[in-house]
Structures are given as structure tokens and as C-alpha cells.
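A.B. asks: below are the sequence and a predicted model for it; my questions follow.
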Amino acid sequence: MQLDILLAVLAVVIIIGLAFYAGMLIKKINVQKAYNRKTAAQQEAQQALKKQQRNDKICESIRLIARATAQKQCNVSEAAIRLTVLLETLLLKEPIDIVKNYPALSELFDKVKEMPTHEQRQKTPVKEIKILDMKRKIFESQLEDKIIEEMSKLTNFAV
């Protein structure tokens, strides 16, 4: 009978020990989960800050190009290319509808985006470049006034 009691007591002690150990493990898991949540929140905040800083830098570039274009320090076809690309690269939940909000800018971009630039332009025959430049100047003259109006909206651009 005493052996039965001794074994029962031993079993209870073992169960209590295992329960205590299980409790410690559960506590460690909860601490780790809390740490992981905190770290994830910090990472999300850091990513949001980086995203905002990137967008702020892009917005500043948009305002600078818009001011230069409005003051006729930057030609409108170059502004159309640069501004369209910048507006498209903003990290927003809903992208900016460039065609709707800046129709003249969008129209000029569509007309000149396929024209060669940089190295491609240097490789293009001079005669072809002159023809393309004439076309570009015609497009610019047709849309310049409307684009200058749109630049007034973009000089104060912010997201």
C-alpha cells in the first residue's frame, strides 16, 4: 500500500514539474510573440517612413520641374517625359490618373515617348533626328499653353 502511495506521490510530483515546465515554455512563447509583434510594428513604421520620404522627394522633384517648365527654363516635352515618369513612380494606394488630371501633359508624353533619347538619339541618322525634332516642336507648340496651365497645379503638388 505504501508503494502505491509513494508511486502516486511521485507521479503527482512529476506531473507538477511537467506542468511548471510547460507553463514556463508557454510564457516564453508569449514573450516571443509580443517581441515579434513589436518588431513587426517597428518595421512597418520604418517602411511607411521610407515610403513617405521617397514620395516627398519625388514630389519635390515634380514641383521643381513644374516651376522650371512654367518659367520656360525646361522645354515642355522633356517636362512631359520626366513628370509622367515621376507621377507614375509615386507609391500610393490609388495611382494618379495622369490622363484625367493632366491631359495635355499626358498627350504630349504619348506623342514623344517613343522618340529616341540619349544613346539612341546619337545612333539615329541626323536627317531622321531633324524630322523628329520638327514633329516634337509642332507637338510642343500645340500643347505648350495647356501644359503651362497644368504646371501651375504641379508647382504645389503634394500627396
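C.D. replies: Thanks, I have the structure now.
A.B. asks: CA only for contacts and neighbour counts going forward, please
C.D. replies: Noted.
A.B. asks: pLDDT on the longest helix along the chain, on average?
C.D. replies: Among the segments of the chain that qualify as a helix by DSSP state H, the longest is helix 2-70. Regarding helix 2-70, the rounded mean pLDDT is 96.
A.B. asks: most centrally placed residue in this structure?
C.D. replies: Central residue of the chain (Cα atoms, centre = their mean): L91, 2.7 Å from the mean position.
A.B. asks: what residues does it make contact with?
C.D. replies: Counting by Cα atoms under 8 Å, 6 or more residues apart in numbering, L91 touches 51, 55.
A.B. asks: against D56, how distant is it?
C.D. replies: To D56, L91 is 10 Å away according to Cα to Cα, to the nearest Å.
A.B. asks: likewise for M24?
C.D. replies: Using Cα to Cα, M24 is found at 48 Å from D56.
A.B. asks: these two: which is more packed in?
C.D. replies: D56 (15 against 12; other Cα atoms under 10 Å).
A.B. asks: contacts only, for the more buried one.
C.D. replies: When contacts are counted by Cα under 8 Å, 6+ apart, D56 touches 158-159.
A.B. asks: tell me what the host helix or strand of D110 is packed against?
C.D. replies: Element membership of D110, judged by DSSP states H and E, is helix 103-112. If you count contacts as 3 or more Cα pairs under 8 Å, 6 or more residues apart in numbering; DSSP states H and E, helix 103-112 packs onto helix 76-89, helix 98-101, helix 126-154.
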